[in-house]
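Q: what would the 3D arrangement of this be:
(4 chains)
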There are 2 protein chains.
Amino acid sequence: MVTIYDIAKKANVSAMTVSRVINNTGRISEKTRMKVKRIMEEMNYVPNSMARSLVLQETKILSLLITDITNPFYTTLARGAEDAAKRCGYKLLFGNSDENLIKEKEYVDMMLTARVDGVLFAPAGDGSLEHLNTLRKHNIPLVLLDREVPGFETDMVLGDSKDGARKLVEHLISLGHKRIALINGALQVSTARHRLAGYKEALKLNDLPYDDRLVAEFGYKPFADDSSLDELLQLDDPPTAIFAANNFLAIGVIRALRARGIPVPEQISVVCFDDLGESSVIDPFLTVAAQPAYQFGALGIQLLIERIQDKSGEDYRKIILPPELIVRSSSRERS
Amino acid sequence: MVTIYDIAKKANVSAMTVSRVINNTGRISEKTRMKVKRIMEEMNYVPNSMARSLVLQETKILSLLITDITNPFYTTLARGAEDAAKRCGYKLLFGNSDENLIKEKEYVDMMLTARVDGVLFAPAGDGSLEHLNTLRKHNIPLVLLDREVPGFETDMVLGDSKDGARKLVEHLISLGHKRIALINGALQVSTARHRLAGYKEALKLNDLPYDDRLVAEFGYKPFADDSSLDELLQLDDPPTAIFAANNFLAIGVIRALRARGIPVPEQISVVCFDDLGESSVIDPFLTVAAQPAYQFGALGIQLLIERIQDKSGEDYRKIILPPELIVRSSSRERS
DNA sequence: GATTGGAATGTTATCGATAACTCCAAAATA
DNA sequence: TATTTTGGAGTTATCGATAACATTCCAATC
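A: Numbers count the residues shown, from 1 in each chain, chains lettered A, B, ... in the order given. Prediction:
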């Protein structure tokens, strides 16, 4: 590999002069600047970011940890983060925890050894607290995405899960549904708790009773075991509508209902949080509370970079992005 | 930040001894090993990968460049690559070229300065040749994914675009369609050429004429301008079926047909290459030639790591993964 | 002609880790 | 007892870049 010393030798100057040309610092005569530049071209010089990071104590790398790279919500978020990071001259190191605290820990270790300048973190759950504290202990600027973690204060970009859930459930109620089930994510994830809260609130505001037999807890992933759905469906007074707490849960629900020969929305309406990405336009089907995923990423990066560049430490900022109710054909009047 | 010197001082040993403990090399008495380990724990030591890479001349980072992070084909591929890389102790640096040669070049520069140990590369098109040559010039092991680039030899993991296209078109022909349009990706991408070839072959094998008015060229992205679709539809003898060269083109096609009030599949059947990911199961709609995306990533990493670890240089290997025809409801008998 | 000042460039130390070599003392061997 | 071996360390140089300080050189000023 060609180094600045190789360039320096060939140009008959010192390495420092080459460094100055590269970084446009200090004073260099136009003549030597041109000569050095020409030789760098000729020799295909590429700076070594390791060496540079070692002295500068910064890597210009940010890390983005998401919990599911196959979920359109997170890939769209990633696009937003990527665009914003690149605009500011940062590289982005992606990680995918798969909603799994062990994988998450591995990524945290990797961020530490890679000495990233900052981290955008969508925590797998409340158990992420330990990992966040590790990052904080090492003074790594940190922005939480999508989910908060009790006991940890920092900058955050969140959605309004409670409000979105309330809107979805009220939409169902306005269609005449009274028995509405909630297929929720794991309660150790803040959004699942907030969506439950929004669900309860909607019921209360409309004088409907809360029945915990109508609430099931899964993970935020396409589920395989749908047996607990059967308990729901076999109730004396089964639900006429289901609120799935995210897009992949909705997919699981619909798949399971189809398998049991239950037509959607004719017999049961289904609504959910988060849209399905591009593919949702080919069959505009699911009624959803869509979140501005791209903004999550872009704003997250913005907060992060501001924090990196000005460590002075104003108060932590919490940005809350409202979801948008999009009514499609998966929900209809109770028959 | 805590360094091995801090550890060394506190443990009353030399830095070298600490390094030996970390890497399990050389001979260390059990007593000092335990002492050093304890102190590393106490001080929250984390190795600095920059410093290590600088001397070892390897980063244990592989780079994966894809062309569209929002496309389920590529995110699934990324999962496969990620899993395989992690299993082998490598980190994965993602890049997203957006089918754009300029962005691609930026990522190539980034890979060079980051001194990644190898690159998994889905080229944006034939114009990627220059970038590939740059990487090769710097001796970076390289595996091409999904698309080949004329004039560049290396290890590759490809799909069988021609065969898949032929199967899709023959499926349409078997349903009685005779006027079949092809909405293709840009011809500067190898898969688009192969899909065109498969399309032509299917026609020929079935004694149908090739009519270039039935063929339109887009990019492999959800398109905005669908005016050229109008030319197609306004032909005297318009198509009764459309073969879209990838999933996002199919989405564009269906969206455009809907906007014009043309029912799918009643009036026009639509089939495409690549599946839509998880969301395709909620409304099993599009007839597709599905590719084993996860394998693309996993095998790609495998080839890459083999190449890194044994530079001796056997012949380049080309793995070709066959697509699977999945018939759903977007295609039906010609009415 | 001596002095000063700034533009242009060079020297040295440093970032954090590891390779290669050296050293020393205790144990094994002659 | 003298000599070799070897286990368990330490020293020094190095990776490629940059910061901080040092130096040269020439033109402007007295």
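Q: A:Val108 against A:Leu135, yeah?
A: Yes - with contact defined as CB atoms under 8 Å, A:Val108 and A:Leu135 form a contacting pair (6.4 Å). For glycine as for every other residue, the C-beta is placed from the backbone atoms N, C-alpha and C.
Q: which one of those two has more residues nearby?
A: Regarding A:Val108 and A:Leu135, a neighbour count based on other CB atoms under 10 Å in any protein chain shown identifies A:Val108 as having more, with 23 against 20.
Q: confirm that that one sits in a helix.
A: Yes - with the criterion set as DSSP: H, G, I helix; E, B strand; the rest coil, the secondary structure at A:Val108 is a helix.
Q: so what's it up against?
A: Taking CB atoms under 8 Å, 6 or more residues apart in numbering or on different chains as the definition of contact, the neighbours of A:Val108 are A:Leu65, A:His131, A:Thr134, A:Leu135.
Q: check what pLDDT it gets.
A: The score at A:Val108 is 97. That number is its pLDDT.
Q: before we move on, back to that, farthest-separated two in the contacts of A:Val108?
A: For the contacts of A:Val108, the maximum inter-member distance is 12.8 Å, found between A:Leu65 and A:Thr134 (CB to CB).
Q: quick one, which of the two is more surrounded?
A: Of the pair A:Leu65 and A:Thr134, A:Leu65 is the one with more neighbours under other CB under 10 Å, namely 24 against 17.
Q: got the residues of the stretch 1-150 of chain A near DNA strand C?
A: A:12-17, A:20, A:26-29, A:31-33, A:51, A:54-55, A:57 (CB under 7 Å from any atom of the strand).
Q: which of those residues are buried?
A: With neighbours counted using 16 or more other CB atoms under 10 Å in any protein chain shown, those contain these buried positions: A:Val13, A:Thr17, A:Arg20, A:Ile28, A:Thr32, A:Ala51, A:Leu54.
Q: just checking, what packs against the helix or strand where the last one lies?
A: What that stands for is A:Leu54. A:Leu54 is part of helix A:49-56 when elements are defined by DSSP states H and E. In terms of contacts (3 or more CB pairs under 8 Å, 6 or more residues apart in numbering or on different chains; DSSP states H and E), helix A:49-56 is packed against helix B:49-56.
Q: ok, A:Trp177 to B:Tyr210 distance?
A: Just to correct that, residue A:177 is His rather than Trp. When distances are taken as CB to CB, to the nearest Å, A:His177 and B:Tyr210 turn out to be 54 Å apart.
Q: neighbour count: the two, which is higher?
A: The residue with more neighbours, out of A:His177 and B:Tyr210 and counting by other CB under 10 Å, is A:His177; that gives 24 against 12.
Q: right, and the more buried one touches A:Ile242 too?
A: No - A:His177 is beyond contact range of A:Ile242, at 9.6 Å (criterion: CB under 8 Å).
Q: overlap in contacts, the two.
A: Residues within reach of A:His177 and of A:Ile242 at once, by CB under 8 Å, 6+ apart, are A:Ser269.
Q: what sits against A:Met1?
A: Listed by CB under 8 Å, 6+ apart, the contact set of A:Met1 reads A:Val46, A:Asn48, B:His138.
Q: from these, list just the buried residues.
A: Neighbour counting over the contacts of A:Met1 (16+ other CB under 10 Å) leaves A:Val46, A:Asn48 as the buried ones.
Q: pick out whichever of the contacts of A:Met1 sits closest to B:Leu120.
A: Closest to B:Leu120, out of all of those and judged by CB to CB, is B:His138, at 16.0 Å.
Q: local confidence estimate at the closest one?
A: For B:His138, the model assigns a pLDDT of 96.
Q: which non-adjacent residue is nearest it?
A: Leaving aside its chain neighbours, B:His138 sits nearest to B:Leu112 (5.9 Å; criterion: CB to CB, 6 or more residues apart in numbering or on different chains).
Q: likewise A:Leu64?
A: Leaving out its chain neighbours, A:Leu64 is closest to A:Leu120 (CB to CB, 6+ apart), at 4.6 Å.
Q: next secondary structure after the helix or strand harbouring A:Tyr5?
A: Assessed by DSSP H and E, A:Tyr5 sits inside helix A:4-11. Once the chain leaves helix A:4-11, the next helix or strand it forms, by DSSP H and E, is helix A:15-23.
Q: work out the gap between that next one and the centre of the chain.
A: Between the centre of helix A:15-23 and the centre of its host chain there is 40 Å, according to CA atoms, centre = their mean, to the nearest Å.
Q: residues in contact with the next helix or strand after it?
A: For helix A:15-23, the following helix or strand on the C-terminal side (DSSP H and E) is helix A:30-42. Outside helix A:30-42, the residues that touch it by CB under 8 Å, 6+ apart are A:Ile7, A:Lys10, A:Ala11, A:Val13, A:Thr17, A:Val18, A:Val21, A:Ile22, A:Ile28, A:Tyr45.
Q: cool, thanks, signing off.
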